[in-house]
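Enquirer: with the input below, show me the fold.
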Amino acid sequence: MPRAIYRGIEYETLRYNPTTERWYLRLAKDPDKVVLDPELDELEVECERCGAFNAYIYPVTAQALWLRSNCEEAVAHGEQPRRSRLGQYSRMPPEKPDPRSELVGRGYDTIGERFADWRDGIVGDPRREWEEELVSRLQDGARVLELGCGAGVPHTQRLAARFQVTAVDISVEQVRRARTAVPAAEFIEADFTALELGSESFDAVVSFYAFNHVPRELLAPTFMRIRRWLVPGGLFMTALGVGDTEAWTGDWLGAPMFFSSFPRETNTQLVREAGFEILRDELVTFREPEGDATFQWVLAMR
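Expert: Numbering: from 1, shown residues only. Predicted coordinates for the structure are as follows:
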């Protein structure tokens, strides 16, 4: 772990004690002196590239922290800010995972290539149109978070060609595919309904259809966290299911899967109550291999 400055004092390292379930900092000049439970967003961390204290830490999941380095040397050469996972150094205590999210993750692990073939059979998908709407409002190099990225083809590829993309998916197999397909993006294997990221870390958050797998009672708190992750004026774009479905579990593409959704009016209310200004809100019907499907596409601004 690199050195860190906390409230004007240099410390040797950040560590986690699994016995006490607490974080602590050791003083570089006196290892016996420690600071318990430091505020992570106040840490200035040493960049391993240039040696300057210009990196910062933020929690990603209950299992790991991440280090984001804003190295001036790298930026001067046109490189994206460097990000390194800190899980190899220390981890937070795990929380009990949501069994519904676990089911979705295992399902997408299983269907793998079948899902890609199924998706290619969709006719009239408005995803590209809405993606272009979002892209037209962003500057090149903007920080974009994608929730439920799947295998990353082709949407994550297109986004990563212009922006600094961090993409999240709960499926081990889908993340493996995405890392191979989109080496320029940063990937997080996690349940994004339990994700914790730094405040004002992104210029945009996008999710193509993934919220259809989120237990609907988790939509409100997830929308509120997304707003915190966005900078003022940041954009949130997503496609939401519109059926009044509290929970549906069954076979989908040959694997057990979970779906949940609210009607359109409730979705719109939740987005507004989370503190967003809605810029565009439309119902779009297109044809999936099994028949017609309708989703609510929303573009909103913090």
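Enquirer: so which residues of the protein form helices?
Expert: Assigned by DSSP state H, the chain shows helices spanning 72-76, 99-120, 127-135, 155-160, 172-181, 219-229, 264-273.
Enquirer: quick one: stretch 289-299 to chain centroid distance?
Expert: 22 Å (C-alpha atoms, centre = their mean, to the nearest Å).
Enquirer: kindly report the same for stretch 168-178.
Expert: The answer for stretch 168-178 is 12 Å, by C-alpha atoms, centre = their mean.
Enquirer: list the buried residues for stretch 128-147?
Expert: 130-131, 133-135, 137-138, 142-147 (16 or more other C-beta atoms under 10 Å). Yep, even glycine has a C-beta here, placed from its N, CA and C like the rest.
Enquirer: got a markdown table for those, with distance to Ser101 and pLDDT too?
Expert: Formatted as a markdown table, the buried residues of stretch 128-147 follow (distance: C-beta to C-beta, whole Å; pLDDT from 0 to 100):
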| residue | distance to Ser101 | pLDDT |
| --- | --- | --- |
| Trp130 | 25 | 97 |
| Glu131 | 25 | 97 |
| Glu133 | 29 | 97 |
| Leu134 | 26 | 98 |
| Val135 | 29 | 97 |
| Arg137 | 30 | 98 |
| Leu138 | 29 | 98 |
| Ala142 | 28 | 95 |
| Arg143 | 25 | 94 |
| Val144 | 23 | 96 |
| Leu145 | 18 | 96 |
| Glu146 | 17 | 97 |
| Leu147 | 12 | 97 |
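Enquirer: which among those residues gets closest to Phe192?
Expert: Phe192 has its nearest neighbour among those in Leu147, at 4.6 Å by C-beta to C-beta.
Enquirer: contact partners for that closest one?
Expert: 168, 192, 205-207, 210-211, 238 (C-beta atoms under 8 Å, 6 or more residues apart in numbering).
Enquirer: again, only this time at 6 Å
Expert: Listed by C-beta atoms under 6 Å, 6 or more residues apart in numbering, the contact set of Leu147 reads 168, 192, 207, 210.
Enquirer: can you pull the contacts of the third one?
Expert: Contacts of Ser207 were listed using C-beta under 6 Å, 6+ apart, and they are 147-148, 238.
Enquirer: any idea how far Tyr11 is from it?
Expert: Noted for Ser207: a distance of 37 Å to Tyr11, by C-beta to C-beta, to the nearest Å.
Enquirer: the second one now?
Expert: The spacing between Phe192 and Tyr11, counted by C-beta to C-beta, is 31 Å.
Enquirer: for those two, indicate the residue with more neighbours.
Expert: Phe192 (26 against 22; other C-beta atoms under 10 Å).
Enquirer: now do the contacts for that one.
Expert: 147, 168.
Enquirer: domain assignment for this protein?
Expert: 4-85, 99-301 (automatic domain parsing).
Enquirer: start and end of the last one, how far apart?
Expert: It stands for domain 99-301. 32 Å (C-alpha to C-alpha, to the nearest Å).
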